[in-house]
Structure formats: structure tokens, C-alpha cells
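A.B. asks: Return atomic coordinates for the entry below.
(one chain, ligands or ions: 2)
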Amino acid sequence: MTRYSGKGVFGAVAIGKISVFTRSDVKVKRVKADDASAELMRLKEAEKKAREQLGRIYEKALKEVGEANAQIFDIHIMMIEDEDYNEAITEMICGQGVNAEYAVAVTGDNFAEMFSSMDDSYMQARAADVKDISNRIIACLSDKGAVSVNIDDKVIICADDLAPSETVSLDKDKVLAFVTAYGSSNSHTAILARTMNIPAIIGVGAEFLSQIKNGDIAVADGYSGELIIDPDAETIAAAEKRQAEDAEKKQLLRKLKGKENITLDGKRVNIYANIESADSIGSVILNDAGGIGLFRSEFLYLESTDYPTEEKQFKVYKRVLESMGGKRVIIRTLDVGADKQVPYFKLEREENPALGLRAVRLCLDRPDIFRTQLRALYRASVYGSLGIMFPMITNLWELEECIELCGKVKAELDADGIAYSDNIELGIMIETPAAALISDKLAPLVDFFSIGTNDLTQYTLACDRQNPRTERFCDTHHEAVMKLIEMTVENAHKHGVWAGICGELAADTSLTEKFLRMGIDELSVSPPFVLKVRDAVRNIDLNK
Ligand code: PEP
Ligand code: MG
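C.D. replies: Ligands and ions are numbered 1, 2, ... in the order given. Below you'll find the model as predicted:
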């Protein structure tokens, strides 16, 4: 039994035979080509063919992994048409008198290297995309046709790396898992694997490929990131147990995917997902959430060793918005302080941090930090349907200041000629009793409320949510909390504002009926709970 470890990018387990993925590499030679215009014609023809292939791959991906994930192949088509890329190839053909294959290969390598050397991990991952399109054009120039793979049996594909088009071209029904030597969790291949529901392990290291062979029996554990070759009976039994548990969950998924969130008597409700990182988008899509009801943006700050720049934040927000393909994405502004401490903020020690300078209080106290985030959010807003949400509001004036700052940011962007959407929704978290009690005053200033029951419960019941010893006193179904939720929904609706719940209580299906009776418009839960809540909603009859 030999174990290799990498990083699991999709949690599932596969048991089966290994198939080592080898591509029929087209060896590119530098050949003197005197007739530059003939080479340019060949290039044009090959690019046309490559675009047609990608169009077909796009259609396949659209059916199998959804629009948001299929978009990468649209981007590949755009990359083939990219002016800089084409200019570089043309210059080599005309200036150096070389064959088109060589010019494409060198340009592809140069562009890939440029992407790899960028700081941003998302841009680094684009190196694989530019290599992918270059290989495709070269294959078309050499008349090798589409890059595709034929597999006869169900196998665990092991490769050095897989290009997105290679991943999606594989016959999904025959792939048990992907295991790659390289790759990043940001790569589209990783995203596709997540969306295709296939266990995937990346970054196992180059050596493993020389030590495995076709037909080896293996367990690929996408949870732990382990590839186990020649597993013993105990390992196989544990893997089978995990598979049985997953199958049970999948059954629920199959039954409910694509179905509406509608009660037996016809009331609809939005079921969205809560995420902490852009990496969870795959899970949001897999679980068929209607949008993102809470993106806890503070994790961007918690994972950094210094303040994340406007540019860095912009790229993350843009990615989330684009991946959701126009579905609503609510991004909550920075909520640090209390249990979420960030050393580089150098916050003063507080006696009662949960009652201290946290969330929006900190943002209003340090408007430079707030402004950077708002600029990134407004800039990203053109890439989807954005809602901006302010946490921990207790006073009307806090919300007014937030809105004023948004106005200033918009004026700055206008002055710089930077576009932003005019359809951004502004909303607040209702997570203090004060906010619920004055929700009739807050509602006219916003588009939505999202009730944060985790904090609302701790502040209403005076029970520290971090302290296990107070748990007995912290009844999450407490009448006082329910009354505040009901009051909030009522006041929202009076002013034409929608109201949701994004605290953990939203996933408590023993309360779903109660919430629907209160008129709640949205429930935002961790991705794995979306279908559980959908199931509950579909079994409720409000007429009874
Ligand atoms: C809440 O308080 O309910 C909430 C959703 O916010 P967080 O859990 O991030 O404090
Ligand atoms: Mg909270």
C-alpha cells in the first residue's frame, strides 16, 4: 500500500483502476517558412477550427456543468481572438520567417510565463488556459483534430495537469476521479471537478506519475487529498462506507436539484448559500442554491497577513459575481472584531469584545479601510447582481453614514470614469435587538434585511455565543428571538423591502414553516443544507 498526498478540491471518494493520462503531444519544430502569407492563412484556418471545437465543448459543458462553468470556453474563444496574442504570433511568422506551429508554441509559452509570474493566484491559474488554447491551435495546424481522450473503463485519471478543455472533453461517466501532479485549487479544472461532482486531488507532486501504472487499484480520497495505491481490505472498507454515506446525500440531491422552493400551497421562497471564500462557489452551484445570501468578506482579511488591497478584493468579488452568472450575490462588508481578530489591525484589547468596536463600528471608525472595500465592491458590481450588506447596525445614523460613504465612493469612481452598476442593492444585517426594534426606521433606507440569528440570539438572550457553558441558557427558539424576527419581516414588508435569514437558524428545518408563516422571503444556509431546506419547504402546506 503506497500513499501519496495532495490537496482535495472536491470531497468524494473513488475506488478503481488507475489510468495514466498521456496526451498525444504534438512535437513542435522550428521550420523556416519563406511564404509568410501562406503561414498566416494556415493560422487563420486553424484558429477558425479551434474556435469551432471550443464552441462544441462549450455546448457540452453547458449541459454538464452549467453556464457559469461553461463560460471558460467562451473565454478561450476570446483568448484565441485576443489582439496581443495574435500580434505576437504574426510578428514571429513575418519577422522571423518561422512556421505557424512554432510561432504559436513560443507565444503560448511566453504568455503562460507572464501569467505564472503574476502575484494573483487567479491570474497564475490562467497560464493553463493560454497553454490549452495554444495546444489546440497547434493540433489544428497539424490536422490532429480535437484534443480528446477515449476511455473504455471507469478509471481514476492521473495526469501531470489537465487543461479545462481536456477535463470537460472526458466522458464524465467513465471518470471516477482526477488526480494531478500540479494544478491549483483556483484553476478552472478544479472548479469543473467540483461542479461535475467528481473527486479530485491536485498537487500530488511529479514523482507519483513515474511510480504508478495503468490498471493499479487505488483509492482517491477527495476529502483527505490522499491517493492510496494497492489499498488493503480495511482501507477499501472505510472508503466504501464513505461512498455509501455520499450516495445517500446524492439521492436527496438528485431528487431535488432543479426543483422550485415552493410549498404545497404555492408559496415560493429563495434559498441561498452562505460562503466564506470564493472557493466555495462550486459547492454553491452543486447544491443548486439560488444565489449567495451571505459572503463573509472578512475571511479575505483573516487569511491575509496585511490589509488586502482594493485590486485583490476586486478580483475576488468579480470572480464570485461572474461565477454566479447573474444570480444575486450579497457581499457583507468587513465584520471583524469580537471572535474574529486580525493581528495587523492592531485592535486595542477590549473587556467585552462582542460589545466592542466590531463590524460596521470598526469600519466607520477606520473609513480608509471601509472605503477600499467599497471601491472594490462597486467596481466589481458590473460583473453580476450585487447586494452590499452592512453588519451589526444598531443606530440609524450608522446606516446613514454607510450610505453617505457609498455616495462618496460612487462620486470618486465617476470622476475617474470607472464604471459601476446602478442596480446594486443595499441592505443590512439585523443582528442586534436594537436594529430589529427600529427596523421600521431602517427599512426606508435599504433594499433588504438579512437577519443574523447567531448574533441576534446572543445579544437578545445575553448569552455569549462562544461560551459552551452558557449553551443551556441559550434557547435558539426563544420567543423573544422569534418576536424580533417577526417584527423585522413585518416592518420590511411595510416598506417594500425583502427580508431573509442568514444565521444558522435558517437551516433549522423545524422552524421553516414558522418562518414561512412570518413571510420570510429568503433563507441563506451553508451549501450542503440548501437541498435539505428545499425538501422541508416542499412538504409544507400553509393552508393547514
Ligand atoms: C449572524 O450573526 O447570524 C451571522 C450570520 O453573522 P456571523 O455568524 O458571521 O456573525
Ligand atoms: Mg453576526
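
A.B. asks: and the closest residue to residue 484 other than its chain neighbours, helix, strand or coil?
C.D. replies: In space, residue 484 comes closest to residue 436 once its chain neighbours are excluded; the distance is 3.9 Å by CB to CB, 6 or more residues apart in numbering. Using the backbone N, CA and C atoms, a C-beta is placed for each residue, glycine as well. Three states are possible here, and by DSSP: H, G, I helix; E, B strand; the rest coil the one that applies to residue 436 is helix.

A.B. asks: what about residue 436, how many residues close to it?
C.D. replies: Using other CB atoms under 10 Å as the criterion, residue 436 is surrounded by 24 other residues.

A.B. asks: Tell me, what's the model's pLDDT at it?
C.D. replies: Residue 436 is assigned a predicted lDDT (pLDDT) of 98.

A.B. asks: Over to residue 149?
C.D. replies: In the prediction, the pLDDT value recorded for residue 149 is 44.

A.B. asks: and residue 519, how many residues sit next to it?
C.D. replies: The local packing count at residue 519 equals 15, with neighbours defined by other CB under 10 Å.

A.B. asks: Could you check how far the residue nearest to it when sequence neighbours are not counted is from ligand 1?
C.D. replies: The spatial neighbour of residue 519 that comes closest, neighbours along the chain excluded (CB to CB, 6+ apart), is residue 489 at 5.1 Å. Applying CB to the nearest ligand atom, to the nearest Å, one obtains 15 Å for the distance of residue 489 from ligand 1.

A.B. asks: now do the same end-to-end measure for stretch 505-521.
C.D. replies: Counting by CA to CA, to the nearest Å, the length from the leading to the trailing residue of stretch 505-521 is 15 Å.

A.B. asks: One more: stretch 446-460?
C.D. replies: 23 Å.

A.B. asks: Can you read off the pLDDT for the residue most central in space within the chain?
C.D. replies: The central residue of the chain, meaning the one whose C-alpha is nearest the mean C-alpha position (CA atoms, centre = their mean), is residue 281 at 2.4 Å. If you check residue 281, the pLDDT there is 88.

A.B. asks: tell me what the one helix or strand it maps to is packed against?
C.D. replies: Element membership for residue 281, per DSSP states H and E: helix 281-286. Of the remaining helices and strands, those touching helix 281-286 by 3 or more CB pairs under 8 Å, 6 or more residues apart in numbering; DSSP states H and E are helix 67-81, helix 188-196, strand 270-275, helix 310-323.

A.B. asks: can you redo the ones you listed as a markdown table with mean neighbour count and distance to residue 344?
C.D. replies: Listed next are the helices and strands packed on helix 281-286 as a markdown table, based on neighbours: other CB atoms under 10 Å; distance: least, CB to CB, whole Å:
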| stretch | mean neighbour count | distance to residue 344 |
| --- | --- | --- |
| helix 67-81 | 19 | 33 |
| helix 188-196 | 26 | 29 |
| strand 270-275 | 25 | 23 |
| helix 310-323 | 20 | 14 |
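
A.B. asks: For the chain, what lies in contact range of ligand 2?
C.D. replies: Proximity of the chain to ligand 2 (CB under 5 Å from the ion) is limited to residues 431, 452, 455.

A.B. asks: could I get the residues you listed as JSON lines with distance to residue 12 and secondary structure?
C.D. replies: Converted to JSON lines, the residues of the chain next to ligand 2 look like this (distance: CB to CB, whole Å; DSSP: H, G, I helix; E, B strand; the rest coil):
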{"residue": "431", "distance to residue 12": "35", "secondary structure": "coil"}
{"residue": "452", "distance to residue 12": "32", "secondary structure": "coil"}
{"residue": "455", "distance to residue 12": "34", "secondary structure": "helix"}
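
A.B. asks: Take these and lay them out in a markdown table including neighbour count and distance to residue 63.
C.D. replies: Conversion of the residues of the chain next to ligand 2 to a markdown table gives the following (neighbours: other CB atoms under 10 Å; distance: CB to CB, whole Å):
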| residue | neighbour count | distance to residue 63 |
| --- | --- | --- |
| 431 | 27 | 41 |
| 452 | 29 | 38 |
| 455 | 22 | 42 |
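
A.B. asks: Please spell out which residues along the longest helix belonging to the chain are buried.
C.D. replies: The longest helix of the chain (DSSP state H) is helix 36-65. Of the residues in helix 36-65, those buried by neighbour count under the rule 16 or more other CB atoms under 10 Å are 36, 39-40, 42-43, 46-47, 49-51, 53-54, 57-58, 61, 65.

A.B. asks: Tell me the predicted confidence for residue 94.
C.D. replies: Reading off the per-residue confidence, residue 94 sits at a pLDDT of 93.

A.B. asks: Surely it and residue 38 touch.
C.D. replies: No. At 11.8 Å, residue 94 and residue 38 do not qualify as touching, with contact defined as CB atoms under 8 Å.

A.B. asks: how far does the next helix or strand after the helix holding residue 281 sit from the chain's center?
C.D. replies: For helix 281-286, the succeeding helix or strand toward the C-terminus, using DSSP H and E, is strand 292-296. Using CA atoms, centre = their mean, to the nearest Å, the mean C-alpha position of strand 292-296 is found 11 Å from that of the whole chain.

A.B. asks: So which residues make contact with strand 292-296?
C.D. replies: Around strand 292-296, the neighbours that count as contacts under CB atoms under 8 Å, 6 or more residues apart in numbering are 270, 272-276, 284, 320, 324, 327-332, 335, 389, 450, 500, 502, 522-524.

A.B. asks: Could you restrict those to the ones contacting ligand 1?
C.D. replies: Contacts with ligand 1 within these, as defined by CB under 6 Å from any ligand atom: 335, 502.

A.B. asks: in what helix or strand does the residue nearest to residue 519 lie?
C.D. replies: Take DSSP H and E as the rule and residue 489 turns out to sit in helix 479-494.

A.B. asks: Could you check that helix and say which residues are buried?
C.D. replies: Judged by neighbour count using 16+ other CB under 10 Å, the buried positions of helix 479-494 are 481, 482, 484, 485, 486, 487, 488, 489, 491, 492.

A.B. asks: give me every residue that touches the fifth one.
C.D. replies: Applying CB under 8 Å, 6+ apart, we find residue 486 in contact with residue 518.

A.B. asks: Then the second one?
C.D. replies: The neighbours of residue 482, taking CB under 8 Å, 6+ apart as the test, are residue 514.
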